[in-house]
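S.K.: Sequence plus predicted model, see below.
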Amino acid sequence: MASGTCQLKQLAEVYNIVLDYLLPERCRLCAGPSARGFCVGCRADFAMLTAPCPRCGLAQPVRRCPRDVSDWRVTRIVAPFCYEYPLTLQIHALKFSAARNLGRALGLMLADHLRNRVEIEAIDALVAVPLHRRRLLERGYNQALEVARPVAAELELPLLITGITRSLPTRPQSKLNVYERHDSVDGVFSVSRDLCGRNIAIVDDVITTGATVNALAGALHLAGAVEIQAWAVARTLSQPTRESTPARYR
């Protein structure tokens, strides 16, 4: 049996090598050669957050820390890129234009940033922010899970999927201000699996106010999780109000 499994793995490796040769991967933006979703040149167009606050993830100095206006449960936010053009186009395409394959490209970019960082050393498993089943049926997939899959594979961490649900539907977060966002996700997540003593990293595509990841962190704590971090591809640079949300994102 072991010999057969070894042979299957070898065949799979040969198949992947041949496939890569015949159909080389292309950058999702410029269509140039790239084995990591986006090529190096296109990645350079995505602005990175410099010297972010290790707890809330906003660029320092933080004028108005979200920890002061909410029940903050995550110990650290790691979100290396600014949520601004042209990265916003890629995240919106993933979420609203059925561009599911962008999840891998964005996840690889996040994994490359996290690799060899001290933040990942204590983490036992990853959890993608779940969608409510109604939104999942509408979209056909969970964009956070699409980002989390390559992160888990690259960092060799287990990805927990079953027993973690969004039990109540919520209004689209882009239509809400900071206070409404926290109210809208209060109590919407439930965890029915034992996480006693485990350190978890929540994975999402973008973090705005931190309301969603903190609400999920609360449910994970109730299931026994100890330290909870939040990892995302991008972080907004300021906290939204209803008036400041661009009309095209409402």
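M.R.: Received, thanks.
S.K.: Show me the residue at the heart of the chain, geometrically.
M.R.: Compute the mean C-alpha point of the chain, and by CA atoms, centre = their mean the closest residue is residue 204, 2.3 Å away.
S.K.: ok, which stretches of this protein are strands?
M.R.: Using DSSP state E, the strands of the chain run over 76-78, 81-82, 125-128, 159-160, 164-166, 189-191, 200-207, 228-235.
S.K.: Make TSV out of those strands and add mean pLDDT and distance to residue 49.
M.R.: For glycine as for every other residue, the C-beta is placed from the backbone atoms N, C-alpha and C. Below are the strands of the chain laid out as TSV (pLDDT from 0 to 100; distance: least, CB to CB, whole Å):
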stretch	mean pLDDT	distance to residue 49
strand 76-78	94	10
strand 81-82	96	6
strand 125-128	98	21
strand 159-160	98	25
strand 164-166	95	27
strand 189-191	95	26
strand 200-207	97	11
strand 228-235	97	6
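S.K.: would JSON lines of those strands with distance to residue 213 be doable?
M.R.: Below are these laid out as JSON lines (distance: least, CB to CB, whole Å):
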{"stretch": "strand 76-78", "distance to residue 213": "8"}
{"stretch": "strand 81-82", "distance to residue 213": "16"}
{"stretch": "strand 125-128", "distance to residue 213": "10"}
{"stretch": "strand 159-160", "distance to residue 213": "15"}
{"stretch": "strand 164-166", "distance to residue 213": "13"}
{"stretch": "strand 189-191", "distance to residue 213": "10"}
{"stretch": "strand 200-207", "distance to residue 213": "5"}
{"stretch": "strand 228-235", "distance to residue 213": "4"}
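S.K.: out of the ones you listed, nearest to residue 147?
M.R.: Ranking these by distance to residue 147, with CB to CB as the measure, places strand 200-207 first at 5.4 Å.
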